[in-house]
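*Asks:* Need coordinates for the following:
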Amino acid sequence: MLWGVTGPIFHFSDTWQLVINTGTTIITFLMVFLIQSTQNRDSEAMHLKLDELLRACGGAHNAVLDIEEMSEEELDDLKRAYSELARKAMKDIRSGKSDLGIPELERPLEQADREQRSSG
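*Replies:* Here you go, the predicted structure:
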């Protein structure tokens, strides 16, 4: 609307166009920061809710509460361990067995849990 109202006043000059373009760029830039800030806050709240569910759930590994701080190698090991659980569950389902329950997770989280308990 600002463009349409002020254009005829300044005769759509090059300087006027530069000012309008710069203003819209600055506003867009600020809106991106505002949206990103809102999304980051929402994401953090969701992580906290998930952390609380994990904390309250019996049998869950506490090491995943801080999973976003793990190294790439630790995340890859964890992903492999969960993928192996999924493969075993699919094998059980195909053979007519149940895949319910809390199966033990191999290595990665057990080590992280032990380290967490020993440090505090």
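
*Asks:* what pLDDT does the spatially most central residue of the chain get?
*Replies:* What sits nearest the mean C-alpha location of the chain, by Cα atoms, centre = their mean, is Ser43, with 6.3 Å. What the model reports as pLDDT for Ser43 is 91.

*Asks:* what about dumping the CA coordinates of stretch 71-79 to PDB?
*Replies:* The C-alpha coordinates for stretch 71-79 follow below in PDB (Å, rounded to 0.1, in the frame of the first residue of the first chain):
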ATOM      1  CA  SER A  71      28.200 -36.100  18.700                       C
ATOM      2  CA  GLU A  72      27.500 -37.300  15.200                       C
ATOM      3  CA  GLU A  73      29.200 -40.600  15.900                       C
ATOM      4  CA  GLU A  74      27.000 -41.200  19.000                       C
ATOM      5  CA  LEU A  75      23.900 -40.300  17.100                       C
ATOM      6  CA  ASP A  76      24.900 -42.700  14.300                       C
ATOM      7  CA  ASP A  77      25.500 -45.500  16.900                       C
ATOM      8  CA  LEU A  78      22.100 -44.800  18.500                       C
ATOM      9  CA  LYS A  79      20.400 -44.800  15.100                       C
END
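
*Asks:* pLDDT (mean, whole number) over it?
*Replies:* 88.

*Asks:* Then stretch 18-31?
*Replies:* Averaging pLDDT along stretch 18-31 yields 91.

*Asks:* where are the low-confidence patches of the chain?
*Replies:* 106-120 (pLDDT under 70).

*Asks:* how about the helices of it, start to end?
*Replies:* In the chain, helices defined by DSSP state H lie at 2-9, 14-56, 72-94, 108-119, listed in chain order.

*Asks:* any idea how far the residue nearest to the centre of the chain lies from Gln36?
*Replies:* Distance, Ser43 to Gln36, using Cβ to Cβ, to the nearest Å: 10 Å. The way it works is simple: take the backbone N, C-alpha and C, and place the C-beta from them, glycine included.

*Asks:* Kind regards, and thank you for your time.
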